[in-house]
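In: Fold the stuff below for me.
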Amino acid sequence: MGMALGVFAFVSAGLAPFVALFAMSNLLHFTLVAKIFNRHASLKAILFTPMVGATVTGVTLSLARPWFALPEPVRRCNCWATPPCR
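Out: Numbering: from 1, shown residues only. The predicted structure follows:
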């Protein structure tokens, strides 16, 4: 299930668990499956793929929310659940 379909299906009630499942699925897909398909692939090359980096960055920023504040226009505009901000 893609991210757009998950947002459509779960709206805001189940979106947080879906995002966690999506992140874990991405990590497994781009690390474990890549290693299974090519057992000679280096672990360093697999870990530095853009999807793994983006997933790790997203999880890190999500966990750092108490200490890291988003800029006001980004924080104020919740475009997932409402129409775009004006």
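
In: so the residue sitting furthest away from the middle of the chain, which of the three states?
Out: Distance from the C-alpha centroid of the chain peaks at His40, with 27.2 Å (C-alpha atoms, centre = their mean). Three-state assignment for His40 (DSSP: H, G, I helix; E, B strand; the rest coil): coil.

In: Ok, Leu70 next?
Out: Applying three-state DSSP: Leu70 is coil.

In: burial count for Phe22?
Out: Phe22 has 16 neighbouring residues, counting by other C-beta atoms under 10 Å. All C-beta spots, glycine's among them, are computed from the backbone N, C-alpha and C.

In: I'd say it and Ala4 touch.
Out: No. Judged on C-beta atoms under 8 Å, Phe22 makes no contact with Ala4 at a distance of 11.1 Å.

In: rewinding a little: dump the residue contacts of the residue farthest from the centre of the chain.
Out: Contacts for His40 (C-beta atoms under 8 Å, 6 or more residues apart in numbering) come out as none.

In: buried ones in the longest helix along the chain?
Out: Longest helix in the chain, counting residues (DSSP state H): helix 15-30. Neighbour-count burial for helix 15-30, counted by 16 or more other C-beta atoms under 10 Å, picks out Leu15, Phe18, Val19, Phe22, Ala23, Asn26, Phe30.

In: and if you look at stretch 51-60?
Out: Buried residues in stretch 51-60, counted by 16+ other C-beta under 10 Å: Val52, Thr55.

In: With pLDDT and distance to Ile46 added, can I get the buried residues of helix 15-30 in CSV?
Out: Listed next are the buried residues of helix 15-30 as CSV, based on pLDDT from 0 to 100; distance: C-beta to C-beta, whole Å:
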residue, pLDDT, distance to Ile46
Leu15, 75, 29
Phe18, 81, 25
Val19, 80, 23
Phe22, 83, 19
Ala23, 85, 17
Asn26, 84, 13
Phe30, 87, 7
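
In: next structured bit after the longest helix of the chain?
Out: helix 32-37 (DSSP states H and E).

In: send the alpha carbons of the helix or strand following that following helix over as PDB?
Out: Following helix 32-37 in sequence order, the next helix or strand is helix 43-47 (DSSP H and E). Below are the C-alpha coordinates for helix 43-47, written out as PDB (Å, rounded to 0.1, in the frame of the first residue of the first chain):
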ATOM      1  CA  LEU A  43      26.400  -3.200   3.700                       C
ATOM      2  CA  LYS A  44      27.800   0.400   3.300                       C
ATOM      3  CA  ALA A  45      26.300   0.700  -0.200                       C
ATOM      4  CA  ILE A  46      22.900  -0.500   1.000                       C
ATOM      5  CA  LEU A  47      22.800   1.700   4.100                       C
END
